[in-house]
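Show me the folded form of this:
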Amino acid sequence: MKPHLLPFLVPFLSLWTLPAQNLDLVHVITQENISGNARYEAMSGAFGALGGNLSAIHINPAASAVFIANQFGLSTSAQSTTNNTSYFGTSTPTENRNSGLNQIGGVLILKNNNKDMGWKKIAFGFNAQMQSSYNNTIQINGTNTENGLDTYFLDYAAGKNGGAFGLNDGETVRDVYQFFGKSAGYGFEYQQAFLGYQGYIFDYLVDDDLFLSNAIYSSVQHNHKIQTSGDKWDMAFTISGQYNDWLYLGANMNFSGIEYRQISSTTESGYDLNSPMREIYFQNDLYTYGGGVSLQFGVIATPNKNVRLGASYKSPTWYSLKDEFSQYLETQSNDAEGNSFNDVIDLTNTVNVYEDYTIKTPSELRGSLAYIFGTRGLVSFDYIVKNYQNTHIGPNDNDVFIALNDQIDQSWTSTSSYRIGGEYRQGGVSLRAGYHLEESPYSNASIIEDRSGYSFGIGFNFKSSVINLSVLNSEQNRSHQLYDTGLVDRASNAIDLQQFTVSWNLKF
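Got it, this is the predicted structure:
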């Protein structure tokens, strides 16, 4: 009797091993886009030495002390993302659109009317803005001449007891899948091998202790889809002050909330005529959610009326996260007599709930310089440094996380980012433009290349209120590995992001 008969159904599992954590997911959590109100985006986020902008609070807490009046603002944006993938010579374009609230916040200024004191004012502020939107669909199509889905399941089966993948009397696929998931010594790897066996993707030859694929091919057709949804919001609570006429100091307490869902699916067909396997559909559904906290400190100095200098430090963000994971497998096969079978393993309602884990993102150092041309305009430059090798995932006693931290140390590196922006004012109208370049955290840039883009916008000042509009473009080339083992082939993807933002600010 094999020891995996469950006495009752357990729909939510706490697993001993976690499949979902990989460098791609960690990168999703650590990466942030240039996102905020329209004036901020129009200048590509080059606001570290300027302040006086609600979104600038997120990059330099001293920004709120630069305001000369109380202010409230909100922004809405529309985003278009174009993906153009290439997989074994086949190109597939997809376009995605979404829109919604992008930013909301306000600043309260308390002025000191005693001119003999050094502290001129204190500012309290709050701003929340979407740092990343994950709503996207990527389609990867092509004929793979190297690997099929069977290699994924066979890799997980290798070295395991094939006799454990069958069913005892009274057991169901769900029973055994849950048992493997919640039992020490089994876990995710056994679940995947079990799915492959129960889906007739491979057979187990008991006498030879050998796993034999039922998929025979010289090449296979792949239709792979990655659908992501969710977002990451940052909320900054800030206090800052102006000392004399030249120094601004500030500090933030930042809270981050993340919700990320990825549904990846592969349809495989095109086997040889003598192949028992005719078609495979395999789907994985990952849901990640949680929150984080960080501290931030900043300073802005104005040595003269034209020059502004800025510097800020952002601590690592400490995230506490949870993953939920479910799967679906459907296969079509023929037996030796030519009979056709359609086998469905629907585990979408059997959710693997993993133990909580933590991610510490790298800290950030920023230096900024701006030159003010009186009331006519300005130009601003930001330089940002992050060491992605300082990213850490825990707890430290988990073998999966230990291996992943080793990967981070070997695969990631420190990065520099550059932002430059300018503004020209004529009466109540402002014209703006910017450029940004962010280096890839990967030492192998073919996985994810540098990200760059431009921006422009216009603003209308009605004295008590301001309306701003911006367009931000960002481009990046990267690759997508279909699976972590077996079917590890990559598809390249040229990503083009366009974001249009409208902001309204009220001064009072």
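
ok, residue 242 - contacts?
Residues in contact with residue 242 (C-beta atoms under 8 Å, 6 or more residues apart in numbering) are 65-66, 119-121, 123, 248. To be clear about C-beta, it is placed using only N, CA and C from the backbone, and glycine gets the same treatment.

Repeat that for residue 44.
34, 419-421, 434-436, 453-455, 472.

In strands, which of those fall?
Secondary structure from DSSP state E places 419-421, 434-436, 453-455, 472 of the contacts of residue 44 in strands.

so can I have TSV of the residues you listed showing neighbour count, pLDDT and distance to residue 379?
Shown next, in TSV, are those (neighbours: other C-beta atoms under 10 Å; pLDDT from 0 to 100; distance: C-beta to C-beta, whole Å):
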residue	neighbour count	pLDDT	distance to residue 379
419	25	99	12
420	18	99	7
421	28	99	7
434	26	99	10
435	16	99	12
436	24	99	14
453	20	98	18
454	14	99	15
455	27	99	14
472	29	99	18
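
ok, of the contacts of residue 44, which one's closest to residue 481?
Among these, residue 453 lies closest to residue 481 (C-beta to C-beta), at 25.0 Å.

Not counting sequence-adjacent ones, nearest residue to that closest one?
In space, and not counting its chain neighbours, residue 453 is closest to residue 474: 3.6 Å by C-beta to C-beta, 6 or more residues apart in numbering.

Any idea what that neighbour is bridged to?
Per DSSP bridges, the residues bridged to residue 474 are residue 453, residue 497.

report the longest helix in the chain, please.
helix 399-411 (DSSP state H).

which of the residues in it are buried?
Buried residues in helix 399-411, counted by 16 or more other C-beta atoms under 10 Å: 400-401, 404-405, 408.

and the residue nearest to residue 453, how many neighbours?
Residues lying near residue 474 (other C-beta atoms under 10 Å) number 20.

Show me the contact partners of stretch 386-402.
By C-beta under 8 Å, 6+ apart, the residues outside stretch 386-402 that reach it are 17-18, 21, 26, 30, 316, 355, 357-365, 404-405, 408-409, 412-415, 417, 441.

Please pick the buried ones from those residues.
17-18, 21, 26, 30, 316, 357-364, 404-405, 408, 412-413, 415, 417, 441.

Filter those down to just the ones in helices.
Per DSSP H, those map to helices at 26, 30, 404-405, 408.

that older thread, what distance do you get for the residue nearest to residue 453 to residue 274?
Distance, residue 474 to residue 274, using C-beta to C-beta, to the nearest Å: 49 Å.

Could you do residue 358 as well?
51 Å.

do residue 289 as well
Counting by C-beta to C-beta, the gap from residue 289 to residue 274 is 46 Å.

Of these two, give the one with the bigger neighbour count.
Taking other C-beta under 10 Å, residue 289 and residue 274 do not tie; residue 289 has more neighbours (14 against 7).

Give me the pLDDT value at that one.
Confidence at residue 289, expressed as pLDDT, is 98.

oh, and call the first residue 298 from now on, that's how I've got it
Sure, I'll start numbering at 298, so the last one becomes residue 586.

quick one: what helix or strand has the spatially closest residue to it that is not a sequence neighbour in it?
Nearest non-adjacent residue to residue 586, counting by C-beta to C-beta, 6+ apart: residue 556, 4.8 Å away. Taking DSSP states H and E as the criterion, residue 556 maps to strand 544-566.

That strand pairs with which strands, parallel or anti?
strand 517-540 (antiparallel), strand 574-598 (antiparallel).

Indicate which one of those strands is closest to residue 624.
Closest among the strands paired with strand 544-566, once you apply C-beta to C-beta, is strand 574-598, at 5.6 Å.

Tell me the helix or strand right after that closest one.
From strand 574-598, the next helix or strand downstream (DSSP H and E) is strand 604-611.

buried residues in that following strand?
Within strand 604-611, judged by 16+ other C-beta under 10 Å, the buried ones are 605, 607-609, 611.

same check, this time on stretch 320-329
Buried residues in stretch 320-329 (16+ other C-beta under 10 Å): 320, 322-329.

what's the distance between it and the middle of its chain?
Stretch 320-329 has its C-alpha centroid displaced from the chain centroid by 5 Å (C-alpha atoms, centre = their mean, to the nearest Å).

mean confidence score for it?
91.

Is the residue lying farthest from the centre of the chain in a helix, a strand, or coil?
No residue in the chain sits farther from the centre than residue 413, which is 49.9 Å out by C-alpha atoms, centre = their mean. Put simply, residue 413 is coil when judged by DSSP: H, G, I helix; E, B strand; the rest coil.

And the pLDDT for it?
84.

so what's residue 745 up against?
Shown in contact with residue 745 (C-beta under 8 Å, 6+ apart): 324, 737-739, 773, 775-776.

ok, now how distant is the closest residue to it other than its chain neighbours from residue 799?
Nearest in space to residue 745, with sequence neighbours left out and distances taken as C-beta to C-beta, 6+ apart, is residue 775 at 4.3 Å. Separation of residue 775 from residue 799 (C-beta to C-beta): 29 Å.

Between those two, which is the more surrounded one?
Legend: neighbour count by other C-beta under 10 Å for residue 775 and residue 799, higher for residue 775 (21 against 17).

Just say helix, strand or coil for the more buried one.
strand.

Tell me which stretches of the stretch 398-547 of the chain form strands.
416-430, 433-441, 499-502, 507-510, 517-540, 544-566 (DSSP state E, counting those that start in this stretch).

neighbouring contacts of the second one?
Outside of strand 433-441, the residues that reach it under the criterion C-beta under 8 Å, 6+ apart are 378, 380, 382-387, 389, 391, 393, 516-525, 567, 777, 779, 784, 786, 788, 790.

Let's see that with 7 Å instead.
378, 380, 382, 384-387, 389, 391, 393, 516-525, 777, 786, 788, 790 (C-beta atoms under 7 Å, 6 or more residues apart in numbering).

Any quick ChimeraX command for the buried ones out of the residues you listed?
This is how ChimeraX selects the buried members of the contacts of strand 433-441, with burial counted by 16+ other C-beta under 10 Å:
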select :378,380,382,384,389,391,393,517,518,519,520,521,522,523,524,525,777,786,788,790
